[in-house]
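Peer 1: Quick one, what's the 3D model for this:
(4 chains)
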2 protein chains.
Amino acid sequence: MAISERARKAALNDTAILAAARDVFIADKRAPISEVAERAGVGISALYRRYPSKEELLRVLCHDGLKTFIAAVEDAAAEPDGWTAFENFLRTVVIADVHSLTVHLAGTFTPTEEMDDDAARANDLAAVLFERARPSLRSGFVMADVTMLLEMCAAVRIPDAERTRELRERYLTVLLDGIRAGADLPGPTPTDEELGWRWRQ
Amino acid sequence: MAISERARKAALNDTAILAAARDVFIADKRAPISEVAERAGVGISALYRRYPSKEELLRVLCHDGLKTFIAAVEDAAAEPDGWTAFENFLRTVVIADVHSLTVHLAGTFTPTEEMDDDAARANDLAAVLFERARPSLRSGFVMADVTMLLEMCAAVRIPDAERTRELRERYLTVLLDGIRAGADLPGPTPTDEELGWRWRQ
DNA sequence: GTGGAGCGGAGCGGAACGTTCCGTTCCGAG
DNA sequence: CTCGGAACGGAACGTTCCGCTCCGCTCCAC
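Peer 2: Numbers count the residues shown, from 1 in each chain, chains lettered A, B, ... in the order given. Prediction:
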């Protein structure tokens, strides 16, 4: 049987709802679900037909972000030069606003076991990429610092999404230059404990 | 008449409430007022005796931050070397977490005329300091960029306040090195419109 | 024509929160 | 010791908000 007209419309709603949810929850992670529905141009019931709860929707959104992150690392790893690979990776992740979908949404749901696994995997992959770039980095700069830099980039935010991307690239450039030149950094490096508190509500 | 016992206790509450409000609203600008009272170790009525509304409390808090900012600029301006003055200014402002009290709280209240004036004054003073530092900065870097950098520093945030300060200094160091070395920055500079949207709810 | 998938949105139940208000405490004057 | 009242604690109130349910409608497939 061919895909029915009805099913095709429903599939369109699938993506519209996900896109709307991304936009809305990136702008405000505490936004009401009705806002997502409105943005997607559908009713609330179209949402609840697909996700049993708001929490589940947020979970899926975050998991998608995690997958994007992993894809970005794996993609960047193909580049032979360590620094270039690292830079490309960071630019991709910042442009895609992965941070707003992952760390930023933490606390709005309880993670599944699979997500924990993927998070660990993402960390491992990124660590490999980081090690390859280390020769180009200032001494004392560690992987945990990268997490904070991404967080800082995500803090750049204005209403216009496209312009936000431009500005983030602008300041990522500043950061990239900042982590190559200069003396040792002041203060102890961030610990895992300090970085992971968001996930343990 | 000497200051009465009762009045002294009340004065203690004055500062306790302000300190509590700062801590609570920095952690979450949407926090309920009851949380402030609890943190200050007082009842809700002790709060409402001093401020007619939640909005007024937020206004005062923000205005205090603005004053701290102005004091920091004026203080740093005494330093003869342009770059050093600028760097000291930024470090002071970041350490004092002025940003979390000003821009971050924007939108939770409608500003008074006096606040608008002080904000304009703060901008002017900072611009002077910036111009003195410009010879040390990479080309294409403008005052509006500084605002964004401060925003990025404020995004570094973990539960422990003292540790947060340490980490912010760490990454401010990265930023300071990043804005001196390197080529022209990509993308157009931020406009006033883009920076001021927070204040126009 | 008819069954049912898909959907819109009113409305329910309950949580959260700003503000009010009332009863209590306790300092200090007489 | 008495007592007025400043300062206060916190229950209660009224309102807003929001996640979710559910009923009735639409419209495609057969």
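
Peer 1: Give the buried residues for stretch A:94-110.
Peer 2: A:94, A:96-106, A:108-109 (16 or more other CB atoms under 10 Å in any protein chain shown). Quick note: C-beta positions are derived from backbone N, CA and C, even for glycine.

Peer 1: near chain B too, which of the residues you listed?
Peer 2: The subset of the buried residues of stretch A:94-110 within reach of chain B, by CB under 8 Å from any CB of the partner chain, is empty.

Peer 1: mind giving me JSON lines with the residues you listed and columns for distance to DNA strand D, secondary structure and pLDDT?
Peer 2: Below are the buried residues of stretch A:94-110 laid out as JSON lines (distance: CB to the nearest atom of the strand, whole Å; DSSP: H, G, I helix; E, B strand; the rest coil; pLDDT from 0 to 100):
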{"residue": "A:94", "distance to DNA strand D": "28", "secondary structure": "helix", "pLDDT": "98"}
{"residue": "A:96", "distance to DNA strand D": "25", "secondary structure": "coil", "pLDDT": "97"}
{"residue": "A:97", "distance to DNA strand D": "21", "secondary structure": "coil", "pLDDT": "97"}
{"residue": "A:98", "distance to DNA strand D": "23", "secondary structure": "helix", "pLDDT": "97"}
{"residue": "A:99", "distance to DNA strand D": "22", "secondary structure": "helix", "pLDDT": "97"}
{"residue": "A:100", "distance to DNA strand D": "18", "secondary structure": "helix", "pLDDT": "97"}
{"residue": "A:101", "distance to DNA strand D": "17", "secondary structure": "helix", "pLDDT": "97"}
{"residue": "A:102", "distance to DNA strand D": "20", "secondary structure": "coil", "pLDDT": "96"}
{"residue": "A:103", "distance to DNA strand D": "20", "secondary structure": "helix", "pLDDT": "96"}
{"residue": "A:104", "distance to DNA strand D": "16", "secondary structure": "helix", "pLDDT": "95"}
{"residue": "A:105", "distance to DNA strand D": "13", "secondary structure": "helix", "pLDDT": "96"}
{"residue": "A:106", "distance to DNA strand D": "16", "secondary structure": "coil", "pLDDT": "94"}
{"residue": "A:108", "distance to DNA strand D": "9", "secondary structure": "coil", "pLDDT": "95"}
{"residue": "A:109", "distance to DNA strand D": "11", "secondary structure": "coil", "pLDDT": "96"}
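
Peer 1: how much space is there between the closest residue to residue A:41 other than its chain neighbours and residue A:38?
Peer 2: The shortest distance from residue A:41 to any non-neighbouring residue, by CB to CB, 6 or more residues apart in numbering or on different chains, is to residue A:16 (6.6 Å). Look at residue A:16 and residue A:38: by CB to CB, to the nearest Å, they are 12 Å apart.

Peer 1: Is it correct that residue A:170 is in contact with residue B:179?
Peer 2: No: Residue A:170 is not in contact with residue B:179 according to CB atoms under 8 Å; the separation is 11.2 Å.

Peer 1: out of those two, which sits in the more crowded spot?
Peer 2: More crowded of residue A:170 and residue B:179, by other CB atoms under 10 Å in any protein chain shown: residue B:179, with 23 against 20.

Peer 1: Name all residues that make contact with that one.
Peer 2: A:174, A:178, B:137-138, B:141, B:145, B:149 (CB atoms under 8 Å, 6 or more residues apart in numbering or on different chains).

Peer 1: Just name the closest of those to DNA strand C, please.
Peer 2: residue B:149 (30.9 Å; CB to the nearest atom of the strand).

Peer 1: Check which helices and strands the host helix or strand of the closest one sits against.
Peer 2: Using DSSP states H and E, residue B:149 sits within helix B:143-155. With contacts taken as 3 or more CB pairs under 8 Å, 6 or more residues apart in numbering or on different chains; DSSP states H and E, helix B:143-155 sits against helix A:143-155, helix A:161-178, helix B:82-95, helix B:98-101, helix B:113-133, helix B:161-178, helix B:192-196.

Peer 1: Sort out which residues of that helix are buried, please.
Peer 2: B:143, B:145-155.

Peer 1: Taking helix A:161-178 as reference, get the angle to that helix.
Peer 2: Using axes from the mean of the first three to the mean of the last three CA atoms, to 10 degrees, the direction of helix B:143-155 lies 80 degrees away from that of helix A:161-178.

Peer 1: Can you check what angle separates helix B:143-155 from helix B:82-95?
Peer 2: Going by the same axes, to 10 degrees, helix B:143-155 makes 40 degrees with helix B:82-95.

Peer 1: buried set for the worst-scoring helix or strand of chain A on mean pLDDT?
Peer 2: The helix or strand of chain A with the lowest confidence, counting by mean pLDDT, DSSP states H and E, is helix A:5-27 at a mean of 90. Within helix A:5-27, the residues that qualify as buried are A:13, A:17-18, A:20-22, A:24-26, counting by 16+ other CB under 10 Å.

Peer 1: could you give me the average pLDDT of whatever helix or strand comes next after it?
Peer 2: Counting by DSSP H and E, the next helix or strand C-terminal to helix A:5-27 is helix A:33-40. When pLDDT is averaged along helix A:33-40, the result is 98.

Peer 1: Establish whether helix A:33-40 and DNA strand D are in contact.
Peer 2: Yes: contact between helix A:33-40 and DNA strand D, assessed by CB under 7 Å from any atom of the strand, occurs at A:33-34.

Peer 1: which other residues reach that helix?
Peer 2: Taking CB under 8 Å, 6+ apart as the rule, helix A:33-40 contacts A:13, A:16-17, A:19-21, A:23-25, A:43-44, A:46-47, A:54, A:57.
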